[in-house]
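Chemist: What follows is a predicted protein model with its sequence.
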Protein chains: 2
Amino acid sequence: MKKPDAPELIIVGSIGIDTIETPREKRVEILGGSVSYACAAASFFVKTGMVGVVGTDFPPEHRALWEDMGIDLAGLQTAEGKTFRWSGVYEENMDNRRTLLTELNVFESFSPELPEAYRDAPYLFLGNIAPGLQLHVLEQVHSPKFVLIDTMDLWINIAREKLVEVVGQCDMLTLNESEARLFTGAHALMDAAKALLAMGPQFVLIKKGQSGSMLFSKNGIFLLHAFPLADFKDPTGAGDTFAGGLMGALAESGGTDEKAIRLAMLYGSVTAAFGVEEFSLERLATLDRKQIDARADLFKFMCRID
Amino acid sequence: MKKPDAPELIIVGSIGIDTIETPREKRVEILGGSVSYACAAASFFVKTGMVGVVGTDFPPEHRALWEDMGIDLAGLQTAEGKTFRWSGVYEENMDNRRTLLTELNVFESFSPELPEAYRDAPYLFLGNIAPGLQLHVLEQVHSPKFVLIDTMDLWINIAREKLVEVVGQCDMLTLNESEARLFTGAHALMDAAKALLAMGPQFVLIKKGQSGSMLFSKNGIFLLHAFPLADFKDPTGAGDTFAGGLMGALAESGGTDEKAIRLAMLYGSVTAAFGVEEFSLERLATLDRKQIDARADLFKFMCRID
């Protein structure tokens, strides 16, 4: 049984120091990483525990920011060496980005270990790290109600077998459009989703960036737009923020069925739409739950047919 | 007052003989044109009158097909000469198409004249033709309840002033994403929509192809996905089928408010999704209203958040 003060949701993923260039602005050495975005988003809904690694160079103000957001850091390791670095540049329309630099640093020898208090958490989000590490985390939790797994093209290419193994043990898989095609060899998303469901998960969530997302299950398809924004500054971490918000909202609801997931996706999408308004966690750091709820209501109205 | 047997909805636009090449198939001299697709789609919902022109070479079986679908052809002119020809090729992903040939033929001297029975129709769809001709049609109708206008990049570029004049007299404008940007000079769709609403129409409907569509009004935004298809054969006319189905469903409902338009968009989208399953009107010709309603119910379920 989970202790009353233990986190409801555990998220594992990368923590990075990012340098990001958009057509209008360049920002050097800002806080990034999948678990940073995902935990920040989830923290609006439930107590969330972070599993990740930073180096001894990690700025204390970033850790303080996470703590201010109420994120549980008992699963955060500090290792001798430098924190993971990533650098990328967005092209004119912000649709494409090029990676300029990836320095794994302490992330290279990362072995996620869950504190005792995390092992009874009902909700688990395996963020985008090596499938072997995702499996290692999964083996440490006792009997989670719902596990979401994210991945990327790299693991599909170099660790496909291990990825298939871990995906088969999860309730829901999320990936983007091109990754779904790469993983299955199917061009049509509906065929790709069918092949992914056959690997074991009950739900497959395909992210389509500014075109929204599609949830596939044995019940059929759910379609969700991206929340429309007049402008945004930095799309980095949008997918992680979406998934983190989704898992936070789902954990808050206590549900695991499609109805609960549909509503949780709406909250994830709204949270992600706030996140991209500024670089790093800058917008999420000033956001409050009332703003999320107000935008969620507006979004529901935008999607209502009758 | 409209006579009881007169059409509820009048649509004006082009009629063409198309030659279309997709990555998998080439079809020569098939029935096309905006008014052909739009009237076929609308005919599932209300009695629809077609305003257009064909040449003396126009195959009688095409006319028979329209009649079988219940389309009123009193507004169809036959002029000495050849019917409008269009030829295009779709690239690998079907997202881009190149026009290979455009022969205006009898369309060049087309002057749309409405039969007396059409002039009291409550619903009017000004399909994509020269803005001067759209205005000429608008001047012939007495007091329509609702007028939708479509346009394209060509008219924005060469007849902008006339286009602004006619748009200002319509209830709703529809165009695609890039046309909305071209017409207004705004990059963000929300800014473009605001500028288009300022031209006079109450509603602006921006089509985004496989990403769906967005309806803008003073009430805010409505977001509609495209109905997801595993496969399709030919996207030609999808926008016209969407708009025709929308106007047919709206005319059937008798409404002109946003609630009625939202539901009509759903029907338009579903009808368009059937249309692209085959070339030309081949799928629409075998379709029945029950199939449309069944898919509309499925689509509603796919979009339902709570």
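Modeler: Received the coordinates, thanks.
Chemist: Every contact and neighbour count from this point should use C-alpha atoms.
Modeler: OK.
Chemist: which residues of the stretch 151-300 of chain A fall in helices?
Modeler: Assigned by DSSP state H, counting those that start in this stretch, the helices in the stretch 151-300 of chain A fall at A:153-158, A:160-167, A:177-184, A:189-197, A:238-253, A:258-275, A:282-286, A:289-303.
Chemist: quick one: the second one to helix A:177-184, angle?
Modeler: Going back to what we said before, that points to helix A:160-167. 110 degrees (axes from the mean of the first three to the mean of the last three CA atoms, to 10 degrees).
Chemist: How about the longest one?
Modeler: Between helix A:258-275 and helix A:177-184, the angle formed by their directions is 130 degrees, by the same axes, to 10 degrees.
Chemist: one step back: which of the helices of the stretch 151-300 of chain A is buried the deepest?
Modeler: helix A:238-253 (a mean of 27; mean count of other CA atoms under 10 Å in any protein chain shown).
Chemist: any chance of the helices of the stretch 151-300 of chain A in CSV, with mean pLDDT and distance to B:Pro235 too?
Modeler: Shown next, in CSV, are the helices of the stretch 151-300 of chain A (pLDDT from 0 to 100; distance: least, CA to CA, whole Å):
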stretch, mean pLDDT, distance to B:Pro235
helix A:153-158, 94, 30
helix A:160-167, 98, 35
helix A:177-184, 96, 21
helix A:189-197, 96, 17
helix A:238-253, 97, 30
helix A:258-275, 97, 29
helix A:282-286, 97, 40
helix A:289-303, 97, 25
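Chemist: what's around whichever residue of the stretch 1-150 of chain A sits closest to chain B, how many residues?
Modeler: At 9.7 Å from chain B, A:Asn93 is the closest residue in the stretch 1-150 of chain A, using CA to the nearest CA. Counted with other CA atoms under 10 Å in any protein chain shown, the neighbours of A:Asn93 add up to 10.
Chemist: Tell me the secondary structure at it.
Modeler: Secondary structure assignment for A:Asn93 (DSSP: H, G, I helix; E, B strand; the rest coil): coil.
Chemist: Tell me the pLDDT of it.
Modeler: A:Asn93 is assigned a predicted lDDT (pLDDT) of 74.
Chemist: Next, give phi and psi for it.
Modeler: phi -90, psi 0 (degrees, to the nearest 10).
Chemist: repeat for A:Asp150
Modeler: According to degrees, to the nearest 10, A:Asp150 has phi -110, psi 160.
Chemist: From what I see, it and A:Leu126 are in contact.
Modeler: Yes. Using CA atoms under 8 Å, A:Asp150 makes contact with A:Leu126 at a distance of 6.2 Å.
Chemist: which of the two has more neighbours?
Modeler: A:Leu126 (26 against 23).
Chemist: Who is that one paired with across the strands?
Modeler: Per DSSP bridges, the residues bridged to A:Leu126 are A:Val12, A:Ile149.
Chemist: Repeat that for A:Leu101.
Modeler: The partner residues for A:Leu101, given DSSP bridges, come to A:Ser87.
Chemist: Give me the neighbour count for it.
Modeler: With other CA under 10 Å as criterion, A:Leu101 counts 12.
Chemist: Identify the residue nearest A:Gly245 in space, chain neighbours excluded?
Modeler: A:Gly268 (4.0 Å; CA to CA, 6 or more residues apart in numbering or on different chains).
Chemist: Can you get me a residue count around A:Pro23?
Modeler: 12.
Chemist: now swap in A:Asp95 and tell me
Modeler: Neighbours of A:Asp95 (other CA under 10 Å): 10.
Chemist: what residues does the stretch 151-300 of chain A put near chain B?
Modeler: A:188-191, A:211, A:220-225, A:229-231, A:259, A:262-263, A:266, A:300 (CA under 8 Å from any CA of the partner chain).
Chemist: before we move on, the earlier item: and the gap between the residue nearest to A:Gly245 and B:Leu250?
Modeler: 34 Å (CA to CA, to the nearest Å).
Chemist: And A:Ile261, by the same measure?
Modeler: From A:Ile261 to B:Leu250 the distance is 33 Å (CA to CA).
Chemist: so how far is stretch A:190-204 from its chain's centroid?
Modeler: Distance of stretch A:190-204 from its chain centroid, counting by CA atoms, centre = their mean, to the nearest Å, is 19 Å.
Chemist: Can you list the neighbours in contact with it?
Modeler: A:164, A:167-174, A:180-181, A:184-186, A:206, A:215-218, B:229-230 (CA atoms under 8 Å, 6 or more residues apart in numbering or on different chains).
Chemist: Put the buried members of the residues you listed into a PyMOL selection.
Modeler: A single PyMOL command selects the buried members of the contacts of stretch A:190-204 (16 or more other CA atoms under 10 Å in any protein chain shown):
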select buried, chain A and resi 164+167+168+169+170+171+172+173+174+180+181+184+206+215+216+217
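Chemist: Buried ones in the least confident helix or strand in chain A by mean pLDDT, by neighbour count?
Modeler: Across the helices and strands of chain A, the lowest-confidence element by mean pLDDT, DSSP states H and E is strand A:97-103, at a mean of 92. Residues of strand A:97-103 classed as buried by neighbour count (16+ other CA under 10 Å): A:Arg97.
Chemist: residues making contact with it?
Modeler: Against strand A:97-103 from outside (CA under 8 Å, 6+ apart): A:Phe84, A:Arg85, A:Trp86, A:Ser87, A:Gly88, A:Val89, A:Tyr90, A:Glu91.
Chemist: Surely the fourth one and A:Ile20 touch.
Modeler: Yes. Between A:Ser87 and A:Ile20 there is a contact at 5.7 Å, judged by CA under 8 Å.
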